[in-house]
Each structure stands twice: as structure tokens, then as C-alpha cells.
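K.L.:
Have a look at this prediction, sequence included:
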Amino acid sequence: MGTSVLAGALVFVVLLVPNRLDRINLQAFLRLPVEGIFLAAALLVLPSKARRITAGVLGAFLGLSTILKCLDMGFRQTLARPFDLVFDWVLLSDGADWVKDSFGRSGEVLAIVGVIVLVVLVLVLSALAVVRLADVLARHRPMAVRSTLVLGTAWIICFTMGVQFGGVTVATKGYAQYLANRVQYVRDGLGDADVFKKQMAVDAYAKTPSNQLLTGLRGKDVMLTFIESYGRVAIDDPSMAPEIDATLQEGNARLKSAGFAARSGWLRSPVTGAGSWLAHSTFLSGLWIKNQQRYRTLTTSDRATLTSYFQKTGAWRTVGIVPGVRKAWPEGKYFGLDHIYDSTHLGYYGPYFSWTPVPDQFSLEAFQKLEHGKKNRDPIMAEIILASSHNPWSPIAHMIDWKDLGNGKVFYKIKKEGTNPTEVWKSAKRVRTEYRKAIQYSLDSLTQWMQRYGDKDTVLVFLGDHQPVPTVTGGSANRDVPISIVARDPKVLDRVANWGWTDGIKPADNAPEWTMNKFRDRFMTAYGPQGG
């Protein structure tokens, strides 16, 4: 009796459990699932052998759907969207890397083993539970038939009349709707390739002669700089806004003291929580890169990017400062970079800060030594990724005297004094605090570098790539990130005067909001022969 009750409870929970953690409550289980009634009816009409086989198969299927719901929960907590059955499998390895960076190699192994064991248990227990229920139905067939008819009739009446209990609809077909939605997601994903290829063929500047490209920036050093996870929440959230506002004001003061001015607005990223490479490629390509398949298609095509257009002119040496790259990155060539400096080529011999191989201050100093500070050189266009504000934000570096950076070994002491991610992630409040400090560090690194090394020919474009994880955003659906253009030459900012952006490096609440893929063409228009 106890085993049968547990089997029934398991199936009941599997059918009713939501695929979002924020929707799991008592009310979610005070419902009558029509799928359970259909399952009972199907098992009752089948002969003995077919019934047990069908029960085992359907039980395993219920287990698979439970695993998918768990993946949805995890992805919503990280990326604010459900798991994509077509494109997201590659992200599971990134999740394993994050666990290793946060909790060490042993933590990664334990997590992987734990997940495998749980998957097997869910599949086996679900199959055994449905087989058990099928046997119970067969042994008590007359009563089971009457009960199924009564429940079916009750479901129809409740559904027709819209009966609710505590604001929750009693008669539900939520599980069937969930499966239907997942099937539609797969269909949309499979059909997205054709849609994207048509979009990729449209490029307003594809046939523009190279001597007509980016003429308004000739002779300037242009830095396209991404600050990891720098989202609107850092500026708008009351728990972080005072400290971030102070940092931005200090940054503005530094820039102003060095003769720089700035304009700022908002861009809407295609991703949130993670997936930086999708945001970077959206910004640079002028296309909405919302999944891994689009990214792969883009990076194996001849679609020009903002960086490759700089390269096409022949007026700039194009370089990439990408400290987050720790292994082969064949896509780097696609972006039109003459030379790429990854984490192993920046001269850094200090420690990792959790996921971050190189602190931002050191990355910028390395750019100065390796490229920007050289004499008698050509103008530079640099794509720079500042990774210190990458999840999990613990431990994080802090600013030191630029003269003391050396080869980075000074950061061993700084890391030792930092926070432990295993402790930080026990509290959402502490996570938010560390996130805020990481953003402040990235902003300070960048504005201090500009004050120290920027000159009349330096043009800085810096932006966030996406919002942080829902633990920080509180589940907000907003995907806006700040973007700023900084220059000493007033003619540079005059060309974007009609954009309506805010003075300084803090965009106003009502500053224009563009989707990130719109920036490339607007930027190239503003700095083309007809711009300004």
C-alpha cells in the first residue's frame, strides 16, 4: 500500500510540477491533471503484457520530461529562459567549467557524478512508479474504471465551469501544454536557420568602397570594450545604485580632468545571465545572435563585422585583448583581428580570480605595453574584453598602483584576501554585493586607464554585454545594458549629437534604448562620409 501511494504521488508531482522555481508552491499541486486520467484510461484498456511495456515506456518518458523541467529551472535561474533542446546542449559543458572555477576540480567531478546518478534514478523510479500503478489498476479493475470515469467527469465539469481554488484553476492540462510548447520551440529552432540566412544576406555596407568606410575616425585609436555582466540593474537597483553612481561620478571626473567627454545610452542584449559571445557577435555583426546555431553560422560566413570593416579600410591595425580565452578560438579570425592576445599572451603570471584568468587592470596595462604605448605605430582598433565582472564575482581583484602591476604576481596576495565563492553563493545579498564590487572594479580600471594613457586621438566605446543572472536582477525581464562613447576630440561626439544620448558615462533613465544589433550600422553611418 505504501509503495503504491508513493508511486501515485511521484506521478502526480511529475505531471504538476512547474518548470520554474518561482512557481513551485502548494497551490501548484492543488489541481487535477487530465493527463493522469488519460494515462489511467489507456492502461486499463491494454492487455497485460502490452500494459506493462506501455507503462514502462510512459514512465521513462515522464522521467525525461522531469529532467527537462529541471533543466528549464536551472536555465531560468541563469539565463532567464528555458532550456533549448536544439541549441543549448553545448552550454552544459560551460556549466561544468563554471562549477570547476567556483568549487574546484573535485567539486566539478562530484557535481557531474551527482547529476548522472540523479538522471538514472529519475528515469528508473518514474518507470517503476507507472508500472506499479498499472499493476494496481489491473488488480482492482472495476473500482479503477469507476474512479477513472468519476475523475474524468469531475475534470470536465471543473474545466467547463472554470472552477478555482485559492485562485488556481483546478482542472488543468498544463503538462500537455508544456509538451506542446516544447515541440513548438523545437520546430522554431529547426526553422530558424533559414530565417537567419535571409537576414545575414542583408548588409547596407557590403558594397561600400573601403575608402568610404569610417572616415570620421581616421587617425584615431578606437577601443571597443565590453564589460562582462554590466547590466542596467547595476545602475537602477536601489541596493547597488548609490555605490555605482559614486563610481560613475568619479569616472566622469577622471575623464573630464583628462579632457574627455562622453555620451551614453542603452542597448538591449539578445541574452541575459550568460552567453557573452552571442552579445559580442550581435554588437559587431549587426545581426540578432540569440543562439549557438546562429553564432556558428555567422562565424563560418563572410558577413562583415564592425571590427572587420575597420580592418578592411587598411587604416587601422586591429587587435583583440581577450583574457577570457583559455583555449583555441578559431572564430577569432572571423572578426577581422590582425592579432589576438588571449590569457596566455598578456604577460600575466598571477592567479586566476575564480573564472577570470586576468584582472581587468592588468589586461588594460598589457594592452598599453603590447600595442597602445608603442611609438611610430599605425592607429589601432582594439576589441577588449574586461572579464573581472564575470560570474561568480568571487574573489575579485581591487585597484592597485599601476606601477606595481609587474607580471601580476602581486595579485596572489589580493586573491588570498578575497571572498570565498562557496560562502558568497549561500546568500543572494552577498552575491549582489560582490557583483556590484566587480562592476566598480571594471569601471575604475577603464576610467583610470583613460586618464593615465588616453590622448587626443583615443576614442573609447564601452558597454555591458548582458545583464547578470536572476539572483542579481531579481528575475527582471529587462535586458538593457549601458553603452558610452568617450573622446577628447569634440568632433567625434558631434557626430552622434543627434542620437539623444546622455552626457557623461551614466545613461539617463529616459535615454534611447536600441536593440544591440542596430548599433553597428548607426555607428558606421555616424562616422561615414555623410555622418556628423
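P.N.:
Yep, it's here.

K.L.:
How about P357: what's its closest non-neighbour residue?
P.N.:
Closest residue in space to P357, ignoring its immediate chain neighbours: S343 at 3.8 Å, by C-beta to C-beta, 6 or more residues apart in numbering. In short, each C-beta sits where N, CA and C put it, glycine included.

K.L.:
Spit out the contact partners of the one you found.
P.N.:
Taking C-beta atoms under 8 Å, 6 or more residues apart in numbering, we find S343 in contact with 322-326, 357-358.

K.L.:
Can you classify Q184 by secondary structure?
P.N.:
Following DSSP: H, G, I helix; E, B strand; the rest coil, Q184 is assigned to helix.

K.L.:
Can you get me a residue count around it?
P.N.:
Per other C-beta atoms under 10 Å, the neighbour tally for Q184 reads 10.

K.L.:
Read off the pLDDT value for it.
P.N.:
Here, the pLDDT recorded for Q184 equals 89.

K.L.:
how near is it to G320?
P.N.:
Between Q184 and G320 the computed distance is 39 Å (C-beta to C-beta, to the nearest Å).

K.L.:
How about L214?
P.N.:
Per C-beta to C-beta, L214 is found 18 Å from G320.

K.L.:
do the same with V136
P.N.:
64 Å.

K.L.:
Mind checking which of those two has more residues around it?
P.N.:
Each of V136 and G320 has its neighbours counted (other C-beta under 10 Å); G320 has more, 22 against 17.

K.L.:
wait, the more buried one sits on G332?
P.N.:
Yes. With contact defined as C-beta atoms under 8 Å, G320 counts as touching G332 (6.4 Å).

K.L.:
From W499, how far out is T422?
P.N.:
According to C-beta to C-beta, T422 and W499 sit 44 Å apart.

K.L.:
Kindly list the main-chain dihedrals of G162?
P.N.:
Main-chain torsions, G162, degrees, to the nearest 10: phi 60, psi 40.

K.L.:
isn't it right up against V168?
P.N.:
No. Checked against C-beta under 8 Å, the pair G162 and V168 is beyond contact range at 11.4 Å.

K.L.:
So if I had to pick from these two, which one is more boxed in?
P.N.:
Shown here are G162 and V168; by other C-beta under 10 Å, V168 has more neighbours (15 against 9).

K.L.:
quick one: the more buried one from A176, how far?
P.N.:
Relative to A176, V168 is positioned 17 Å away (criterion: C-beta to C-beta).

K.L.:
Also G166?
P.N.:
From G166 to A176 the distance is 23 Å (C-beta to C-beta).

K.L.:
L306 too?
P.N.:
Relative to A176, and taking C-beta to C-beta, L306 is found at 46 Å.

K.L.:
for M524, same thing?
P.N.:
In this view, M524 and A176 are 49 Å apart by C-beta to C-beta.

K.L.:
Neighbour count for those two, which is higher?
P.N.:
M524 (21 against 14).

K.L.:
Give me the nearest residue to that one, chain neighbours excluded.
P.N.:
Using C-beta to C-beta, 6+ apart, the closest residue to M524 is Y205 (5.8 Å).

K.L.:
Tell me which stretches of the protein form strands.
P.N.:
Taking DSSP state E as the test, the strands found in the chain are 32-33, 164-165, 168-169, 171-172, 221-227, 261-268, 317-322, 339-342, 380-386, 458-464, 480-487, 502-503, 513-515.

K.L.:
Paired strands for the third one, with orientation please.
P.N.:
Partners of strand 168-169 in the sheet, by DSSP bridges, are strand 164-165 (antiparallel).

K.L.:
how long is stretch 12-23 end to end?
P.N.:
End-to-end distance for stretch 12-23: 17 Å, by C-alpha to C-alpha, to the nearest Å.

K.L.:
How far does it sit from its chain's centre?
P.N.:
24 Å (C-alpha atoms, centre = their mean, to the nearest Å).

K.L.:
And stretch 509-516, by the same measure?
P.N.:
19 Å.

K.L.:
Pull out the buried residues from stretch 312-327.
P.N.:
Neighbour counts over stretch 312-327 (16 or more other C-beta atoms under 10 Å) mark 312-313, 315-325 as buried.

K.L.:
then it to CSV, C-alphas only?
P.N.:
In CSV, the C-alpha atoms belonging to stretch 312-327 read as follows (Å, rounded to 0.1, in the frame of the first residue of the first chain):
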residue,chain,number,x,y,z
LYS,A,312,39.0,46.4,-44.5
THR,A,313,40.0,50.1,-44.6
GLY,A,314,43.6,49.3,-44.1
ALA,A,315,43.8,52.4,-41.9
TRP,A,316,44.0,50.5,-38.6
ARG,A,317,45.9,47.7,-37.0
THR,A,318,43.2,45.6,-35.5
VAL,A,319,43.9,43.7,-32.3
GLY,A,320,41.9,41.7,-29.7
ILE,A,321,42.5,41.7,-26.0
VAL,A,322,40.6,38.6,-24.9
PRO,A,323,41.8,37.4,-21.4
GLY,A,324,38.8,35.1,-21.1
VAL,A,325,40.0,32.9,-23.9
ARG,A,326,42.0,30.0,-22.5
LYS,A,327,41.9,27.5,-25.4
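
K.L.:
quick one: the residue lying closest to L463 once chain neighbours are set aside from I37, how far?
P.N.:
Nearest residue to L463 in three dimensions, chain neighbours excluded: I483, at 3.7 Å (C-beta to C-beta, 6+ apart). From I483 across to I37, the span is 54 Å (C-beta to C-beta).
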